[in-house]
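Undergrad: 3D, please:
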Amino acid sequence: MLSGGHSAPAGVVTAAAGTQPHIMVIVDENKGYSAAQGAPFIIGNTASAPYINNTLAATYTSATNWFSNVHGSVADYEGMLSGAPLGGAGPTLVDELASAGISWKAYMEDMPTTCYRGGPVGNYDPTHNPFIDYSSITSTSQCNNVVPYTNALSDLNNPSQPSFVWISPNLCNDMHTNGIMPPASCPNDAVATGDAWLASNIPAIMGSAWYRQNGIIIITWDESNGGDNTGFNGGTGGHIATLVISGNSHQAFSTGGNLFGILRGIESTYGVQYLGASAVPANGDISPAFGQVPTTGSINGTVTDSSTNAAIAGTTVSYSGGSTTTGADGKYALTTVTPGTYAVTAAATGYTSVNHNVTVSAGVRSLQAFAL
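TA: Model (predicted):
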């Protein structure tokens, strides 16, 4: 078994094979961080969650000061995907990744068909599938990347495995229910059910070709127990467990953050633009918990008309290692750039090309604006 403030997606960039990190997000449901949030809870609950506590949290990294944004699955899931609980047209994280030439796939346990946009089926709940909330995904071929969970492990061992992966377990396995809410077929101990699912699936994921190539697994919860209204930077969704599993994640992580901070960490690791509230540093950044020593940087900026200051869409921005095109707001991102100094050129039809020398350092987003 396995709010506004959006930036337009960056254009396609050519990167050397094998340089892109592999990041996976697994989202569980409605459980507090510890006994301080009341039962049921995760950290310290060795009776119901022995795998999480005795293996994952004990061996890898547990974020001890992480919080949900609000109480409500749709808003929290959409916040992690787009930086704002709005749905609609996008852009989303995966729009940015696709535009940057970074592959992705979302696996929904018990979803009946690829790009299914109907209501609940069995233990599948569409409110835990934020990808179908955005027309930038559903109205394009990207929707073919939103698939049932059944083929996840084979995909992770495929030579063309996706770089970014999202997994939503079903209503029983994501700890959502306690046998008293639909579906009543779920076992009474929701935490134990979800822990058993992780114990069955995480070792197989960690044994995959995907994980062996810079794999990072983030396991988080969409919100805490209903009575926990604490938050971070104004949030009210409660204190949640968040685990980071990678070959280099073995350290304590007490820095605070929220679900927007998870999005920010993923964006910064891939070198794409921050979306919505992920652009606010006060929401935190999970990427230091990855334990990865960065080997590449990125070049980001905006191309504008020097006379009107208007953004110029469709500008080609290039350097010796690749090229990209600006989005509707003139923004661009060249990702996975080897450290060094490069001559970067911006060229658009009807304008004189402009060159700038840009120095790139590992783990740093180098900013360079162009006025044509």
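Undergrad: in this structure, which helix is the longest?
TA: The helix spanning the most residues in the chain, taking DSSP state H as the definition, is helix 190-206.
Undergrad: which helices and strands does that one pack with?
TA: strand 22-28, helix 50-51, helix 152-156, strand 215-221 (3 or more CB pairs under 8 Å, 6 or more residues apart in numbering; DSSP states H and E). (Glycine included, C-beta is placed from N, CA and C.)
Undergrad: out of those, which is closest to residue 91?
TA: Residue 91 lies closest, by CB to CB, to one member of the helices and strands packed on helix 190-206: strand 22-28, at 17.6 Å.
Undergrad: quick one: mean pLDDT over the closest one.
TA: With pLDDT averaged residue by residue, strand 22-28 scores 98.
Undergrad: list the buried residues of the lowest-mean-pLDDT helix or strand in the chain.
TA: Counting by mean pLDDT, DSSP states H and E, the weakest-scoring helix or strand in the chain turns out to be strand 365-367, with a mean of 84. Of the residues in strand 365-367, those scored as buried under the neighbour-count criterion (16 or more other CB atoms under 10 Å) are 365-366.
Undergrad: now swap in stretch 158-174 and tell me
TA: For stretch 158-174, the neighbour count (16+ other CB under 10 Å) marks 161-174 as buried.
Undergrad: quick one: which of those residues is nearest to residue 250?
TA: Comparing these against residue 250 with CB to CB places residue 165 closest, at 21.9 Å.
Undergrad: check the secondary structure at the closest one for me.
TA: For residue 165, the secondary structure call by DSSP: H, G, I helix; E, B strand; the rest coil comes out as strand.
Undergrad: which ones are touching it?
TA: Contacts for residue 165 were tallied using CB atoms under 8 Å, 6 or more residues apart in numbering; they are 22-25, 104-107, 152, 156, 210.
Undergrad: okay, those in CSV with distance to residue 302 next?
TA: Converted to CSV, those look like this (distance: CB to CB, whole Å):
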residue, distance to residue 302
22, 29
23, 26
24, 31
25, 29
104, 25
105, 30
106, 30
107, 35
152, 38
156, 36
210, 34
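Undergrad: redo those residues as a markdown table? Include distance to residue 78 and neighbour count.
TA: Converted to a markdown table, those look like this (distance: CB to CB, whole Å; neighbours: other CB atoms under 10 Å):
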| residue | distance to residue 78 | neighbour count |
| --- | --- | --- |
| 22 | 23 | 21 |
| 23 | 18 | 26 |
| 24 | 19 | 24 |
| 25 | 13 | 21 |
| 104 | 16 | 21 |
| 105 | 19 | 21 |
| 106 | 13 | 25 |
| 107 | 18 | 25 |
| 152 | 22 | 25 |
| 156 | 25 | 24 |
| 210 | 25 | 23 |
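Undergrad: out of those residues, the closest to residue 97 would be?
TA: Taking CB to CB as the measure, residue 97 sits nearest to residue 104 out of the contacts of residue 165, at 5.1 Å.
Undergrad: isn't the closest one right up against residue 162?
TA: Yes - with contacts counted by CB atoms under 8 Å, residue 104 reaches residue 162, the gap being 5.2 Å.
Undergrad: residue boundaries of the helices in the stretch 51-200 of the chain?
TA: With DSSP state H, counting those that start in this stretch as the criterion, the stretch 51-200 of the chain has helices at 58-59, 73-82, 93-99, 135-138, 152-156, 190-206.
Undergrad: between the two ends of stretch 238-256, what distance do you get?
TA: Using CA to CA, to the nearest Å, one end of stretch 238-256 lies 13 Å from the other.
Undergrad: could you list the buried residues of that stretch?
TA: By 16+ other CB under 10 Å, the buried positions in stretch 238-256 come out as 238-246, 249, 253, 256.
Undergrad: for it, give the mean pLDDT please.
TA: In this model, stretch 238-256 has a mean pLDDT of 93.
Undergrad: what's the answer for stretch 115-124, then?
TA: 94.
Undergrad: do the same with stretch 268-282
TA: Per-residue scores along stretch 268-282 average to 94.
Undergrad: tell me who's in contact with residue 53.
TA: 42-46.
Undergrad: that one and residue 163, how far apart?
TA: To residue 163, residue 53 is 30 Å away according to CB to CB, to the nearest Å.
Undergrad: likewise residue 235?
TA: From residue 235 over to residue 163 the distance is 29 Å, taken as CB to CB.
Undergrad: strands of the stretch 101-250 of the chain, residue ranges please.
TA: With strands called from DSSP state E, counting those that start in this stretch, the stretch 101-250 of the chain shows them at 104-108, 146-148, 164-168, 215-221, 239-246.
Undergrad: any chance of those in a markdown table, plus distance to residue 301?
TA: Output for the strands of the stretch 101-250 of the chain, formatted as a markdown table (distance: least, CB to CB, whole Å):
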| stretch | distance to residue 301 |
| --- | --- |
| strand 104-108 | 24 |
| strand 146-148 | 31 |
| strand 164-168 | 23 |
| strand 215-221 | 27 |
| strand 239-246 | 30 |
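Undergrad: residue 200: which of those strands is closest?
TA: Between residue 200 and the strands of the stretch 101-250 of the chain, the shortest separation by CB to CB is 13.0 Å, and it involves strand 164-168.
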